[in-house]
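In: pasting the structure only:
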């Protein structure tokens with residue numbers, strides 16, 4: 001336990017050093033804002049406020065795989081060049097936000113109309129519709145309050161304070177993984193057994209990687225081959241903490257939306273013999 005504590009302190013110091021070198025000091029966001037993404041590919045050029053995307057309402061309904069594989073959102077903010085016409089044509093956000101798709105018996109509100117800026121200039125109701133997403137300068141009240149919605153969910157120490165793996169396993173959320181007309185029809189994958197990854201630091205607990213838990217949210221396609229090129233057991237790849245903190249490998253999700261690396265024991269969980 002002492003060795004793990006020393007390692008965690010070293011990880012936190014390394015993270016602090018990396019932030020200091022980059023000249024950016026990050027504050028821990030409020031739980032409901034963890035994973036919030038600001039999208040500003042085209043908004044500023046159209047005199048619109050950037051789009052604010054909240055991950056937590058979406059991850060309580062859909063798998064990560066559905067959005068980042070089938071629908072095609074990139075894993076980094078502003079790497080997907082989404083336009084109003086894309087949404088109006090039923091792509092990206094417009095895949096679900098089309099005014100027709102239902103969830104839990106309720107109709108999902110429509111995103112951008114065709115020729116959105118022209119329509120908003122003529123119709124105040126369209127402008128009001130735009131402000132539901134273009135909301136960096138507007139206080140938008142979500143349908144569900146974060147604290148109330150997650151009150152009975154299992155908790156964790158970091159991130160947004162919710163153990164989403166345990167929440168899904170307990171049946172408190174039911175995730176949609178495929179959409180008709182969007183997702184390809186393939187045979188379900190058989191998840192491999194858990195993998196044991198030995199850390200570089202002597203005396204540190206081994207990492208227990210659960211394919212089953214990741215498979216529920218990500219499938220196989222989200223991680224392989226883009227994040228982890230090889231799927232062979234004998235293939236050995238060195239994953240350093242510096243690379244992970246830099247957003248590579250595990251860091252593509254953890255520290256952005258999934259629980260951050262500060263929660264060392266979530267991964268380094270095999271007791272040292």
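Out: That came in fine, so what should we check first? As the structure is a computational prediction, the values presented were derived from the model and not from experiment.

In: all strands for the stretch 51-200 of the chain, in order.
Out: Taking DSSP state E, counting those that start in this stretch as the criterion, the stretch 51-200 of the chain carries its strands at 51-53, 102-103, 106-107, 195-197.

In: Residue 169 is nearest to which of those strands?
Out: In this view, the strands of the stretch 51-200 of the chain are compared for proximity to residue 169 by CB to CB, and strand 195-197 is the closest at 19.3 Å. No exception for glycine: its C-beta is placed from N, CA and C like everyone else's.

In: would you list the strands of the stretch 51-200 of the chain in JSON lines and tack on mean neighbour count?
Out: Formatted as JSON lines, those follow (neighbours: other CB atoms under 10 Å):
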{"stretch": "strand 51-53", "mean neighbour count": "19"}
{"stretch": "strand 102-103", "mean neighbour count": "10"}
{"stretch": "strand 106-107", "mean neighbour count": "10"}
{"stretch": "strand 195-197", "mean neighbour count": "12"}
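
In: Could you dump those into TSV and include distance to residue 37 and mean pLDDT?
Out: Supplementary listing: the strands of the stretch 51-200 of the chain in TSV, determined by distance: least, CB to CB, whole Å; pLDDT from 0 to 100:
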stretch	distance to residue 37	mean pLDDT
strand 51-53	4	93
strand 102-103	21	92
strand 106-107	24	93
strand 195-197	29	88
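
In: Next, format those strands as JSON lines and append distance to residue 83.
Out: Formatted as JSON lines, the entries for these read as follows, by distance: least, CB to CB, whole Å:
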{"stretch": "strand 51-53", "distance to residue 83": "11"}
{"stretch": "strand 102-103", "distance to residue 83": "24"}
{"stretch": "strand 106-107", "distance to residue 83": "24"}
{"stretch": "strand 195-197", "distance to residue 83": "40"}
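
In: right, and the ones you listed - which one's nearest residue 207?
Out: Proximity to residue 207, assessed across these by CB to CB, is greatest for strand 195-197 (4.1 Å).

In: C-terminal to that closest one, what's the next element?
Out: Secondary structure here is assigned by DSSP states H and E; on that basis, the next helix or strand after strand 195-197 toward the C-terminus is strand 207-209.

In: Against which helices or strands is that next one packed?
Out: Helices and strands touching strand 207-209, as assessed by 3 or more CB pairs under 8 Å, 6 or more residues apart in numbering; DSSP states H and E, comprise strand 195-197.

In: centre of the chain versus the strand it packs on, how much separation?
Out: Average the C-alpha atoms of strand 195-197, do the same for its chain, and the two points are 23 Å apart (CA atoms, centre = their mean, to the nearest Å).

In: helices and strands around it, which ones?
Out: When contacts are defined as 3+ CB pairs under 8 Å, 6+ apart, strand 195-197 sits against strand 207-209.
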